[in-house]
Each structure stands twice: as structure tokens, then as C-alpha cells.
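Visitor: I need the structure of the sequence given here:
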Amino acid sequence: MKINWGTGIVLAFAAFIAFILYFVVLASTGDRAGHDLVTEEYYKAELAYQDEIDARSNALGLKPGIKISKTEGGLKIQFPPAMDYENTKGKVSLYRPSDKQLDFDLALSLSNTHLLIPDKRLLGGRWDIKIFWEYQGKPYLHKESITY
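Guide: Numbers count the residues shown, from 1 in each chain. Predicted coordinates for the structure are as follows:
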């Protein structure tokens, strides 16, 4: 059987399309890619976004604001000294973009004007920190990305 130019081109295109489709199916069904959403209930979180904007604007109005620094004991989050730390309640969320298993939340219960996250809880790399707290009935939110 003799193959002419037209048949050869059609066979080459068909082989190329099959090759590409194989890798698309392999990439979209494999567990190695880790197709995780940042939040499980994305649309519910989107509806509360205006509250988040208001809380961030409240936090930006604080002078001085929150300071995050690395110490030998861990990550130190310094709150404004004018705030009464006993009446401050909230949550600190640490999100690791590269590994969902390392994400964790801490309840914010201050015994001083700062919070220390132990060094053993944090691995080196990028962390997104979200601090949500309420003081005198007013919500505050501070977001920051750090490299630990």
C-alpha cells in the first residue's frame, strides 16, 4: 500500500491531536497536580467580601498598625498598644500556598500586646497571614504575605 502526501499529512495531524489529548486527560485527572481551591466554600466567602473590605479599612486607620516580625522564638505579631488586649478577640489564619496540609488557624486570645507563633509550627517559605479581630464591637482585618 502506497501512502501519498495528503494521507501522510492527515495521519501526522491525527497523531499530534491524539498526543495532545492524551496529555490533557493525564494532566486533568492526575492527583499530582493538586487542583485545590483556596477556600472550600468559595461563593459563600465571596458574599462576605464587603465585610472584609470594611474590616481592612478599619485596620488601615489604626496608628500604629500591626507589626509582624521574625524572632528567635517564632513569629511575633505586635498589636497597637492603645488597644486593650483583654477585650480583643479574633482569629489568626496562616495559609501556605505551596501545601494545603500546613495551613492552620489560631484563636486570638491575648495576654499581652503581642502574639507569638512558635517557630516549630512554621516551615521556611512563603506564608499568607490573615488576622481578623474585633475590638469594642468594631471588626478589623490585616493581611500580609511573608517569607519565613
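Visitor: quick check: domain ranges of the protein?
Guide: Domain assignment of the chain by automatic domain parsing yields the ranges 1-35, 42-147.
Visitor: Setting the sequence-adjacent residues aside, check what's closest to the residue most central in space within the chain.
Guide: When the chain is reduced to its mean C-alpha position, the closest residue under C-alpha atoms, centre = their mean turns out to be residue 95, at 4.1 Å. The spatial neighbour of residue 95 that comes closest, neighbours along the chain excluded (C-beta to C-beta, 6 or more residues apart in numbering), is residue 128 at 4.3 Å. Every C-beta, even on glycine, is put in place using the N, C-alpha and C of the backbone.
Visitor: Quick check: which element contains that neighbour?
Guide: For residue 128, the enclosing helix or strand under DSSP states H and E is strand 126-135.
Visitor: right, and residue 81 touches residue 112 too?
Guide: No - if you go by C-beta atoms under 8 Å, residue 81 and residue 112 don't touch, sitting 10.4 Å apart.
Visitor: Now residue 100, what are its backbone angles?
Guide: When read as degrees, to the nearest 10, the backbone of residue 100 gives phi -60, psi -30.
Visitor: same thing with residue 98?
Guide: With angles defined as degrees, to the nearest 10, residue 98 shows backbone torsions of phi -90, psi -20.
Visitor: For it, list the residues it contacts.
Guide: Remark: with contacts taken as C-beta atoms under 8 Å, 6 or more residues apart in numbering, residue 98 is in contact with 125, 126.
Visitor: can you count the residues close to the closest residue to residue 102 other than its chain neighbours?
Guide: What sits nearest to residue 102 in space, not counting adjacent residues and going by C-beta to C-beta, 6+ apart, is residue 96, at 4.0 Å. If you count neighbours by other C-beta atoms under 10 Å, residue 96 ends up with 17.
Visitor: returning to what we had before: using TSV, lay out the domains of the chain together with mean pLDDT.
Guide: TSV is the format used below for these (pLDDT from 0 to 100):
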stretch	mean pLDDT
domain 1-35	86
domain 42-147	84
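Visitor: Please work out which of the ones you listed is packed deepest.
Guide: Mean neighbours per residue, mean count of other C-beta atoms under 10 Å, is largest over these for domain 42-147, with a mean of 14.
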